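K.L.:
any chance you could fold what I've pasted below:
(chains A and B)
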Number of protein chains: 2
Amino acid sequence: MTPEPLEGWLAARRSEVDAALARLLPDRGVPERLAEAMRYSVLAGGKRLRPMLVLAAAEAVGVRSGLDQRQVHTVALPAACAIELIHTYSLVHDDLPAMDNDTLRRGRPTAHVAYGEGTAILSGDALLAEAFILLARDPQPSEVRPWLDEPELSRRKLQAITLVAEAAGAAGMVGGQAIDLAAAEPGAAPLDERSLGEMHARKTGALLRASALVGGVLAGGTPDMLSAIGTYGAQLGLAFQIVDDILDVEGASAVLGKTAGKDAAAGKPTYPALLGLDESRRRADTCVGEALEALRSAALEGQLPAIARWVVARTH
Amino acid sequence: MTPEPLEGWLAARRSEVDAALARLLPDRGVPERLAEAMRYSVLAGGKRLRPMLVLAAAEAVGVRSGLDQRQVHTVALPAACAIELIHTYSLVHDDLPAMDNDTLRRGRPTAHVAYGEGTAILSGDALLAEAFILLARDPQPSEVRPWLDEPELSRRKLQAITLVAEAAGAAGMVGGQAIDLAAAEPGAAPLDERSLGEMHARKTGALLRASALVGGVLAGGTPDMLSAIGTYGAQLGLAFQIVDDILDVEGASAVLGKTAGKDAAAGKPTYPALLGLDESRRRADTCVGEALEALRSAALEGQLPAIARWVVARTH
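P.N.:
Predicted structure coming up:
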């Protein structure tokens, strides 16, 4: 079956995710300024790539395990939102003066510029905790009965929580940021291609990979499917980062919504700086090829292939 | 049955918790400086009050549901460690220059003084994520078979994760710190007794209450038992904070291991400042009385009563 065109699918799914995020962000019982800072960062827009991966992987697996699209979204939408909260928290903390010291994000002042450093740190902390509330709580057993029983739902949720927490933590995203931070210190040795790849695999790749995996887990993927989705996610993560580096070199601030050329200016290693632009583009294409091959090997279809192609073709 | 004396129980449980923390903190695959910063803060010692509450509540409930002490610890020790990681992360972030700007903690330089602000922020982030790995992953079903089946273990774990994430998040601990931060701003109106209570109920009380509750949940507590444990935890949390304020006024830095008199000097509201020392002590005693009454009403015993008495009697 030919899937619907990616553009329409993305637009529809983004609306759902944005609406769910706005609904799920806490306000009752949360100090006003903190709640406002959380909303400011989460509802600033963005590609919502991670939620799209959660939902696309859940759909691809769901088709195979006999779920309809509504059921797939019931079981996977909370996790899609949770991972976007974690992504947002990481941006808020990475932008801090003690880290990347960025003042512009998604075309607006960064959280610490808008709300002060203390509130920015706290809003990031709160988003991380909130993500785990969502992952543990939603969907509730009554929402997925009778097509998914409680023991199986609980088992999948716990697997999803473990995957997300590992991807977000010291061996994943936070570890990647720590390597990045150390590499930017005065006098630090520049990262070679291997170290650069390892840094990105943690900083960006781990959560992208976990996004696809969590979608697959929640929709009931078999070990074979999950293994293919893991490869897909890892390759897509690397392609994403290479393209991000290319865009940082080529792009303009207005299109990116963040300060362009900043990585190069900060002396941060990038793929174009290490490999040149042409070879960087070739590498990104190779990654996408391997991502697609993994999907084929497990007979997974739907929007995942188109999302991988979109990631390398995007201009911002 | 008369429980063993608190002092010996605390010493034995603390050794177990300290050993488990040292074992469970990640090192493989974690950038060295980040791993070191995490260990520096977590293994600095401390009362381990939250893990003690988890274990004491689990024991009190476990006796009633027919578990022996080894079984109770198998099911509750990972959560006890997870909550200590969350407590430690909150200290690391609260000490930051953008927050309380503290330089001394548990008698040693704070994390950002020792490792720099960026690494301190990241180490806190990583500890929070690590806590959820522990809560979701451990104990594994094979460790609790045949006395606890997997569906029931999963159900309890998810309830524990929800409780902990809510207590740690925007409506709990982070929210309390946000109120504290706002109250310390130049020109902010001083908190009255009600607002002070609300701030502490979130900042300290929520996680203390969640600690006791999570122990009760993991050991299989009935709704009645959990309701009593919730009241116990909330009252103990308030008593703890009142005593903390009293110690801040009376104590010396050497005994406290942190800068004494700092709250008063920073113009932060305290119970002794609002109510006087004598009335503050009376309030703390009243809280303990209500905590003990709640336990009696649900026929819960073990170390919980002694821990409540210890919290008000402590000198540091």
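
K.L.:
my guess is residue A:30 meets residue B:175, correct?
P.N.:
Yes: the criterion here is C-beta atoms under 8 Å, and residue A:30 meets it with residue B:175 at 5.5 Å. All C-beta spots, glycine's among them, are computed from the backbone N, C-alpha and C.

K.L.:
what's the burial count for residue A:59?
P.N.:
Residue neighbour count, defined by other C-beta atoms under 10 Å in any protein chain shown, stands at 26 for residue A:59.

K.L.:
going by secondary structure, it is in what exactly?
P.N.:
With elements taken from DSSP states H and E, the one containing residue A:59 is helix A:49-64.

K.L.:
close to chain B, is that helix?
P.N.:
No: contact between helix A:49-64 and chain B is absent, the nearest approach being 15.7 Å (criterion: C-beta under 8 Å from any C-beta of the partner chain).

K.L.:
what angle do whichever helix or strand comes after that helix and helix A:49-64 make?
P.N.:
Once helix A:49-64 ends, the next helix or strand along the chain (criterion: DSSP H and E) is helix A:69-94. Taking axes from the mean of the first three to the mean of the last three C-alpha atoms, to 10 degrees, helix A:69-94 and helix A:49-64 form an angle of 160 degrees between their directions.

K.L.:
right, and the helix or strand after helix A:69-94?
P.N.:
strand A:104-105.

K.L.:
just how off-centre is the helix or strand just after that next one within its chain?
P.N.:
Sequence-wise, the next helix or strand beyond strand A:104-105 is strand A:108-109, with elements assigned using DSSP H and E. For strand A:108-109, the gap between its own C-alpha mean and the chain's C-alpha mean amounts to 21 Å (C-alpha atoms, centre = their mean, to the nearest Å).

K.L.:
direction included, what does strand A:108-109 pair up with?
P.N.:
Under the criterion DSSP bridges, strand A:108-109 sits next to strand A:104-105 (antiparallel) in its sheet.

K.L.:
pLDDT of the partner strand, averaged?
P.N.:
Summarised as a single mean, pLDDT over strand A:104-105 is 94.

K.L.:
with stretch A:240-249 instead?
P.N.:
For stretch A:240-249, mean pLDDT rounds to 92.

K.L.:
which other residues reach stretch A:29-39?
P.N.:
Contacting residues not belonging to stretch A:29-39 are listed as A:22, A:25-27, A:111, A:114-115, A:119-120, A:122-123, A:126-127, A:130, B:170-171, B:174-175, B:178-179, B:182 [C-beta atoms under 8 Å, 6 or more residues apart in numbering or on different chains].

K.L.:
what sits against residue A:283?
P.N.:
A:238, A:239, A:242, A:271, A:275.

K.L.:
low-confidence ranges, chain A, go.
P.N.:
Within chain A, the stretches falling below the threshold (pLDDT under 70) are A:1, A:252-267.

K.L.:
re earlier: between all of the contacts of residue A:283, which two are at the greatest distance?
P.N.:
Considering C-beta to C-beta, no two members of the contacts of residue A:283 lie farther apart than A:239 and A:275, which are separated by 13.7 Å.

K.L.:
of these two, who's got more company?
P.N.:
Regarding residue A:239 and residue A:275, a neighbour count based on other C-beta under 10 Å identifies residue A:239 as having more, with 25 against 17.

K.L.:
what separates stretch A:117-137 from the chain centre, distance-wise?
P.N.:
Counting by C-alpha atoms, centre = their mean, stretch A:117-137 is centred 16 Å from the centre of its parent chain.

K.L.:
touching chain B at all, it?
P.N.:
Yes: part of stretch A:117-137 sits near chain B under the criterion C-beta under 8 Å from any C-beta, namely A:117-119, A:121-122, A:124-126, A:128-130, A:132-133, A:135-137.

K.L.:
of those, which belong to helices?
P.N.:
Among the residues of stretch A:117-137 next to chain B, the members falling in helices are A:117-119, A:121-122, A:124-126, A:128-130, A:132-133, A:135-137 (criterion: DSSP state H).

K.L.:
run the chain-centre distance for the helix holding residue A:59.
P.N.:
Distance, centroid of helix A:49-64 to centroid of chain: 13 Å (C-alpha atoms, centre = their mean).

K.L.:
check contacts around the residue nearest the centre of chain A.
P.N.:
Ranked by distance to the mean C-alpha position of chain A (C-alpha atoms, centre = their mean), the top residue is residue A:50 at 3.4 Å. Contact criterion C-beta under 8 Å, 6+ apart gives A:80, A:83, A:84, A:87, A:207, A:208, A:211 as the residues in contact with residue A:50.

K.L.:
how many residues are close by the fourth one?
P.N.:
Using other C-beta under 10 Å, residue A:87 has 24 neighbouring residues.

K.L.:
ok, the third one next?
P.N.:
The number of residues packed around residue A:84, counting by other C-beta under 10 Å, is 25.

K.L.:
just give the nearest non-adjacent residue to it, would you?
P.N.:
Excluding the flanking residues, the one nearest residue A:84 by C-beta to C-beta, 6 or more residues apart in numbering or on different chains is residue A:51, at 5.0 Å.

K.L.:
touching, the one you found and residue A:78? I think so.
P.N.:
No: with contacts defined as C-beta under 8 Å, residue A:51 does not count as touching residue A:78, sitting 10.4 Å away.

K.L.:
what's the distance between residue A:53 and chain B?
P.N.:
The spacing between residue A:53 and chain B, counted by C-beta to the nearest C-beta, to the nearest Å, is 19 Å.

K.L.:
equivalent analysis for residue A:99, please.
P.N.:
Spatial separation of residue A:99 from chain B under the definition C-beta to the nearest C-beta is 5 Å.

K.L.:
and the gap between the nearest residue to that residue once chain neighbours are set aside and residue A:121?
P.N.:
Distances taken as C-beta to C-beta, 6+ apart place residue B:118 nearest to residue A:99, at 5.2 Å, with adjacent residues excluded. As defined by C-beta to C-beta, to the nearest Å, residue B:118 lies at a distance of 12 Å from residue A:121.

K.L.:
one more: residue A:238?
P.N.:
Distance of residue A:238 to residue A:121, computed by C-beta to C-beta: 30 Å.

K.L.:
which ones are touching the closest residue to chain B within the stretch 201-316 of chain A?
P.N.:
Each residue of the stretch 201-316 of chain A has a distance to chain B, by C-beta to the nearest C-beta, and the smallest belongs to residue A:202, at 8.7 Å. Contact partners of residue A:202, counting by C-beta under 8 Å, 6+ apart, are A:171, A:172, A:173, A:175, A:176, A:179.

K.L.:
swap in residue A:27?
P.N.:
Counting by C-beta under 8 Å, 6+ apart, residue A:27 makes contact with residue A:35.

K.L.:
then it would be within a helix, right?
P.N.:
No: according to DSSP: H, G, I helix; E, B strand; the rest coil, residue A:27 belongs to no helix; its state is coil.

K.L.:
before we move on, the earlier item: just the CA atoms of the helix holding residue A:59, as CSV, please.
P.N.:
Below are the C-alpha coordinates for helix A:49-64, written out as CSV (Å, rounded to 0.1, in the frame of the first residue of the first chain):
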residue,chain,number,x,y,z
LEU,A,49,10.8,15.5,14.4
ARG,A,50,11.0,13.2,17.4
PRO,A,51,7.2,13.0,17.9
MET,A,52,6.9,12.3,14.2
LEU,A,53,9.3,9.4,14.5
VAL,A,54,7.4,8.0,17.5
LEU,A,55,4.1,8.1,15.6
ALA,A,56,5.5,6.9,12.3
ALA,A,57,7.3,3.9,13.9
ALA,A,58,4.1,3.1,15.9
GLU,A,59,2.1,3.2,12.7
ALA,A,60,4.5,1.0,10.8
VAL,A,61,4.4,-1.6,13.6
GLY,A,62,0.7,-1.1,14.3
VAL,A,63,-0.2,-2.0,10.7
ARG,A,64,1.6,-5.3,11.2
